[in-house]
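Trainee: Give the three-dimensional model of this entry:
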Amino acid sequence: AESFRLLFDNNPVPMWVVEKSSLQFIDVNRAAVEHYGYTREQFLSMSSLKIRPEEEYQRALQDSATNFSGDSGEEDWIHRKADGTEILVSSYAKPIKYQGRDAAIVALFDVTEQRKQEARIQHLVEHDPLTNLPNRRLFQSLLHGALGRLKDGRNCAAIILTDIDDFKSVNDTLGHQVGDELIVEVASRMEACIGDRGVVARLGGDEFAILLAPLADAAAAHEIASELIGAFAAPLVVAGHRLQTSISAGVSIATSATDSPSDLLKNADLALYKAKASGKRHWASYEPQMSLHTVLRRDMELDLRRAVENSELSVEEPGQTVAASFPRGSVGELVQALKADMHRPKHARRTARALFADAQAMLGQLIRERWLRARAVVAFYPANSDGAEDIHLWDPQDLPAHNPVATLHTLRQQMVKGNGRPHL
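Mentor: Residues are numbered from 1 along each chain as shown. Next comes the predicted model:
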């Protein structure tokens, strides 16, 4: 008994003994008196429930059964000090016989600051430092949870993926500092528009995602996407600059708990790409048929832009515009496939024609940005005499030496004159 008193009373860790039947304090050490601010007499006149908020009473009563039948594991509890301050404590309990009564001896560690620090670190891990919005990691976790709560056929969830139209030009003309401030302002306006209807996250760069769940139907997501586009009708004032900023958005809908979060994000990305292809201030909703065309179209654009960045398409002297140039990658592979199979079904020819029309449009944009030299295959789509679509392919090096390159418009006119062959 003397050794117990010595170890108990002089222990620097707050400790007490609680009776099983009444949950009354029947002993308390000096460290507990000092830490909690109650006198020893006040402790011994109270139930251990009195140092807890009411919302934890039921949990404490249920936990007491474990404390008096075996050792408890580490658990966090909210306790109140004598001055009303709430602290978070981690407690360990062990059943004992004390003065002939069934009881539990409890050791307590104040983890308030530790848990705050852990929460700060967790917040940094899961939030974007620029906007303080959830980051990609937290968004994916929230999305996974939202999908798991879906009840098939009774509700749905949606992702709206957005980015800022012409954001690169802001960085290039006004600097990255203004670009960062613009991202913060855009995030603020998005949050104001969405409110408590969903969660706005920043995935990186100028890309944002909104999680909407649960929703009654897809129409609700489409309405919110339209509102989001409209929220940017008024200009933003950033670092003294009045910026007429707009966004584009892609919507993807989930109706089942078995839907894949990664597929939902991929589909929203395809829809966003489709929206941007329609011009600024547009939104589009994912449809299954857009997948192949959109993926190939995006790959072609990436190939062409990568070629420009890597100087694989070199500068041509002003005054001449290149018809087409596909150095490698998805475009080149697709061209080779078309050359190898010229007698494909009508719907396949139509798809190929659409893809090359997209490639020509992209190339036109690149031409406007920079003069290029043709190095590969040029594709055009004149109508045959029977009106059927067909594909004709030429390599620029096959053209007469005195006119190795021509504008897209001129070459097309020459092809029409020559009934499908360049007329030079």
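Trainee: Please verify my assumption that S47 contacts Q24.
Mentor: Yes - the pair S47 / Q24 is scored as a contact, 5.6 Å apart, by C-beta atoms under 8 Å. C-beta: built from backbone N, CA, C; applies to glycine.
Trainee: Which one's more surrounded, those two?
Mentor: Neighbours around S47 and Q24, counted as other C-beta atoms under 10 Å, are more numerous at Q24. The numbers are 19 against 15.
Trainee: wait, isn't V89 in contact with W77?
Mentor: Yes - counting by C-beta under 8 Å, V89 does reach W77; the two are 5.5 Å apart.
Trainee: More neighbours: those two, which one.
Mentor: Legend: neighbour count by other C-beta under 10 Å for V89 and W77, higher for V89 (21 against 18).
Trainee: Enumerate every residue touching that one.
Mentor: Shown in contact with V89 (C-beta atoms under 8 Å, 6 or more residues apart in numbering): D76, W77, I78, H79, L108, F109, D110, V111, T112.
Trainee: Name the nearest residue to it, sequence neighbours excluded.
Mentor: The spatial neighbour of V89 that comes closest, neighbours along the chain excluded (C-beta to C-beta, 6 or more residues apart in numbering), is L108 at 4.8 Å.
Trainee: ok, now P53?
Mentor: Closest to P53 by C-beta to C-beta, 6+ apart is I78, at 5.6 Å.
Trainee: can you check A82 too?
Mentor: That would be G37: by C-beta to C-beta, 6+ apart, it lies 3.4 Å from A82.
Trainee: what does M190 give?
Mentor: Closest to M190 by C-beta to C-beta, 6+ apart is V200, at 4.9 Å.
Trainee: who does the helix or strand hosting that neighbour pair up with?
Mentor: Under the criterion of DSSP states H and E, V200 resides in strand 199-204. Strand pairing for strand 199-204, using DSSP bridges, gives strand 207-215 (antiparallel).
Trainee: so can I have a markdown table of the contacts of V89 showing secondary structure, pLDDT and distance to P214?
Mentor: Below are the contacts of V89 laid out as a markdown table (DSSP: H, G, I helix; E, B strand; the rest coil; pLDDT from 0 to 100; distance: C-beta to C-beta, whole Å):
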| residue | secondary structure | pLDDT | distance to P214 |
| --- | --- | --- | --- |
| D76 | strand | 88 | 31 |
| W77 | strand | 92 | 33 |
| I78 | strand | 94 | 31 |
| H79 | strand | 96 | 37 |
| L108 | strand | 94 | 41 |
| F109 | strand | 95 | 40 |
| D110 | strand | 96 | 40 |
| V111 | coil | 95 | 35 |
| T112 | helix | 96 | 36 |
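Trainee: Grab the two from these that are most spread out in space.
Mentor: I78 and F109 (13.9 Å; C-beta to C-beta).
Trainee: dump the residue contacts of the residue nearest to A82.
Mentor: When contacts are counted by C-beta under 8 Å, 6+ apart, G37 touches K81, A82, D83.
Trainee: Spit out the contact partners of the last one.
Mentor: When the contact criterion is C-beta under 8 Å, 6+ apart, the partners of D83 are G37.
Trainee: in which helix or strand would I find it?
Mentor: Using DSSP H and E, D83 sits within no helix or strand.
Trainee: quick one, phi psi at it?
Mentor: phi -90, psi 0 (degrees, to the nearest 10).
Trainee: same thing with the one 4 residues further on?
Mentor: Main-chain torsions, I87, degrees, to the nearest 10: phi -130, psi 160.
Trainee: ok, back up a step: list the contacts of the residue nearest to M190.
Mentor: Each residue near V200 by C-beta under 8 Å, 6+ apart is listed here: L133, P134, A187, M190, E191, I194, F208, A209, I210.
Trainee: What residues are bridge-paired with the last one?
Mentor: When assigned by DSSP bridges, I210 has beta-bridge partners I160, V200.
Trainee: that older thread, ok, so of the contacts of V200, who is nearest A233?
Mentor: Distances from A233 to the contacts of V200, taken as C-beta to C-beta, are shortest for M190 (13.8 Å).
Trainee: Show me what whichever strand or helix holds that closest one is packed against.
Mentor: Assigned by DSSP H and E, M190 belongs to helix 176-194. For helix 176-194, the packing partners by 3 or more C-beta pairs under 8 Å, 6 or more residues apart in numbering; DSSP states H and E come out as strand 156-164, helix 167-174, strand 199-204, strand 207-215, helix 218-230, strand 236-238.
Trainee: No further questions, thank you.
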